[in-house]
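**Student:** The following comprises the amino acid sequence and a computationally predicted model.
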Amino acid sequence: MISREEIKHIAQLAHLELDEKQLDKFTEQLGGVIDSFEKLDKLDTEGVEPTAYTVPMKNIMREDKVEESYSQEDILANAPDKKKGHFRVPPISGEE
């Protein structure tokens, strides 16, 4: 089990201010998490292959292929405002 002093120290390292009620709550919660890990640590995992994922992974992305694209003229054909082959948009002033 983790002590209140350890929780205070962790909170201090994280620059957190905890009141007495929060100290009690986090001591209990973190203690429960640590107890769970201690139970898992006692399990016999001999012969169990380590995995990063619980399900088989496969790449679902398509192959990256160079394909024919639209011309610049076609892309800009319906642009309401364009200049020198680029879309023109109103400037952003930062004021609302």
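**Tutor:** Thanks, I have the structure now.
**Student:** Now Cys89: closest residue in space that isn't a chain neighbour?
**Tutor:** Residue 89: Val, not Cys. Asp81 (7.4 Å; Cβ to Cβ, 6 or more residues apart in numbering). Backbone N, C-alpha and C define where each C-beta goes, glycine included.
**Student:** what are the ranges of the strands in this structure?
**Tutor:** For the chain, strands defined by DSSP state E occupy the ranges 82-83, 86-87.
**Student:** Nearest approach to His9 belongs to which of those strands?
**Tutor:** The closest of the strands of the chain to His9 is strand 86-87. By Cβ to Cβ, the value is 55.7 Å.
**Student:** looking at the strands of the chain, which is closest to Leu30?
**Tutor:** Leu30 lies closest, by Cβ to Cβ, to one member of these: strand 86-87, at 53.0 Å.
**Student:** Sheet partners, orientation included, of the closest one?
**Tutor:** Here strand 86-87 is paired, per DSSP bridges, with strand 82-83 (antiparallel).
**Student:** rewinding a little: for the strands of the chain, give me JSON lines that also has mean neighbour count, distance to Thr27 and mean pLDDT.
**Tutor:** As requested, the strands of the chain are exported to JSON lines (neighbours: other Cβ atoms under 10 Å; distance: least, Cβ to Cβ, whole Å; pLDDT from 0 to 100):
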{"stretch": "strand 82-83", "mean neighbour count": "12", "distance to Thr27": "64", "mean pLDDT": "92"}
{"stretch": "strand 86-87", "mean neighbour count": "11", "distance to Thr27": "58", "mean pLDDT": "93"}
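**Student:** now the ones you listed as JSON lines including distance to Asp19?
**Tutor:** Shown next, in JSON lines, are those (distance: least, Cβ to Cβ, whole Å):
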{"stretch": "strand 82-83", "distance to Asp19": "60"}
{"stretch": "strand 86-87", "distance to Asp19": "55"}
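**Student:** Which one of those lies nearest to Ala52?
**Tutor:** strand 86-87 (42.6 Å).
**Student:** How far off centre is that closest one?
**Tutor:** Centroid separation for strand 86-87 versus its chain: 34 Å, with Cα atoms, centre = their mean, to the nearest Å.
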